[in-house]
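Peer 1: my questions are about this predicted structure, shown below with the sequence.
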Amino acid sequence: MPASSEERYDRQMRFSPFGPEGQKRLSRGFAVVVGMGALGCVAAHHLVRAGIGRIRLIDRDIVTWSNLHRQSLYTEADAEAGLPKAEAAAERLCAVNSRVVIEAAAIHLNPRNAEQLLADADLIIDGTDHFSVRYLINDAAVRYGIPWIYGGAVGSSGMTMTVVPGKTPCYRCLFPSPPPPGAADTCETAGVLPPIVDVIGSLQAMEAIKLLAGRGEHLHGALIHADLWNLSFTKMKTAGARRDDCPCCGLRRFEYLDAAMGDASETVLCGRETVQITPAGTVSLDLDELAERLKAAGRVERNPWLLRLAPEDGISLALFPDGRALVTGTGDPERARRIYERILSP
Ligand SMILES: [Zn+2]
């Protein structure tokens, strides 16, 4: 017999600034988490345990062995099966709290689908490690008037900031443009020690709880930087940092959201020897039929969300029904495209 809400959430409702009223509001809240890596796992886990009403988990990637040391919702079985992170996380979180409506979206957030995936949310949590996606979130959040909570972690340090459109500076007020490719450290180049993602992901979750509980006056109002190796914690107040000439919230030019999407594209996922292939236009693949056809060419694994195969030595390919593919084992976009086209040509 599942416990009543009173029993399940008793200890957090006893915290008087939150209380039963905060719980009631949280239970009607809807958050979208973009990127179910380390930060997304931590933030989504807290929100689901705490009894958020609905959560949508967006991630384009599959679980790999090098994720397991820090991405706390995944298991060895998930990596073995190469499950999409969004689906593996949704399954785990359903077991944690079956009352929460959990949606998994194993797709790549882009200008074409951003409105559909983000515009109905009460808030957005940034769990992505990609600057282009982060600027896209900032554009969408400001255009649709949705608060979003930035977070990033690498090495032993991380940063977070909460953007409330119309009230606080937006991300571009502080960081007008992304660093040039390769200029910023990533988890692949500089590594990451897991405790920092718990700190940053927890700060993000706490801000989300305040917002959804209707207690926005308690938001920290700062750009927070924490380093756990040298132990430092700095809080730079962001009040007054809004810029009238900010391209996004000042001039309302949504360059990332309104970017024309090219046709087919290849994106090298940072440092992971993986290339993402995105097909032109709308594609719908019959994965069962493909699996049947490709069996002759070697081992093919099918799970409910994707097809995995090893088309060449040292190369593995995960193919989604929308035609998107992750080609692992090469950082060469042209080689990845050739492999992809060979697989899909009848
Ligand atoms: Zn701005």
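Peer 2: Looks like it arrived, so ask away.

Peer 1: phi and psi next, for the residue lying farthest from the centre of the chain.
Peer 2: No residue in the chain sits farther from the centre than residue 296, which is 36.0 Å out by Cα atoms, centre = their mean. Main-chain dihedrals, residue 296, degrees, to the nearest 10: phi -60, psi -30.

Peer 1: next one: it from residue 13, what distance?
Peer 2: For residue 296, the distance to residue 13 equals 60 Å [Cβ to Cβ, to the nearest Å]. Every C-beta, even on glycine, is put in place using the N, C-alpha and C of the backbone.

Peer 1: also residue 3?
Peer 2: For residue 3, the distance to residue 13 - Cβ to Cβ - is 13 Å.

Peer 1: likewise for residue 144?
Peer 2: For residue 144, the distance to residue 13 equals 31 Å [Cβ to Cβ].

Peer 1: in the stretch 151-300 of the chain, which spans are strands?
Peer 2: 157-163, 222-227, 232-237, 265-269, 274-278, 300-302 (DSSP state E, counting those that start in this stretch).

Peer 1: who are the packing partners of the helix or strand harbouring residue 343?
Peer 2: Assessed by DSSP states H and E, residue 343 sits inside helix 333-344. Helix 333-344 sits against strand 265-269, strand 274-278, strand 307-312, strand 315-319, strand 325-328, with contacts defined as 3 or more Cβ pairs under 8 Å, 6 or more residues apart in numbering; DSSP states H and E.

Peer 1: quick one, which of those is nearest to the ion?
Peer 2: Checking the helices and strands packed on helix 333-344 against the ion by Cβ to the ion gives strand 265-269 as the closest, at 26.0 Å.

Peer 1: that closest one: partners in the sheet, and parallel or antiparallel?
Peer 2: Strand pairing for strand 265-269, using DSSP bridges, gives strand 274-278 (antiparallel).

Peer 1: and the average pLDDT for the partner strand is what?
Peer 2: What strand 274-278 shows for mean pLDDT is 88.

Peer 1: hmm, who's touching that strand?
Peer 2: Taking contacts as Cβ atoms under 8 Å, 6 or more residues apart in numbering, the residues outside strand 274-278 that touch it are 60, 108, 110, 264-269, 323-333, 336-337, 340.

Peer 1: drop anything exposed from these.
Peer 2: Listed as buried from those are 60, 108, 110, 266-269, 323-331, 333, 336-337, 340; burial here means 16 or more other Cβ atoms under 10 Å.

Peer 1: figure out which of the helices and strands packed on helix 333-344 is closest to residue 194.
Peer 2: For residue 194, the closest of the helices and strands packed on helix 333-344 is strand 265-269, at 20.5 Å, according to Cβ to Cβ.

Peer 1: list of residues touching that closest one?
Peer 2: With Cβ under 8 Å, 6+ apart, strand 265-269 has contacts from 61, 274, 275, 276, 277, 278, 326, 331, 333, 334, 336, 337.
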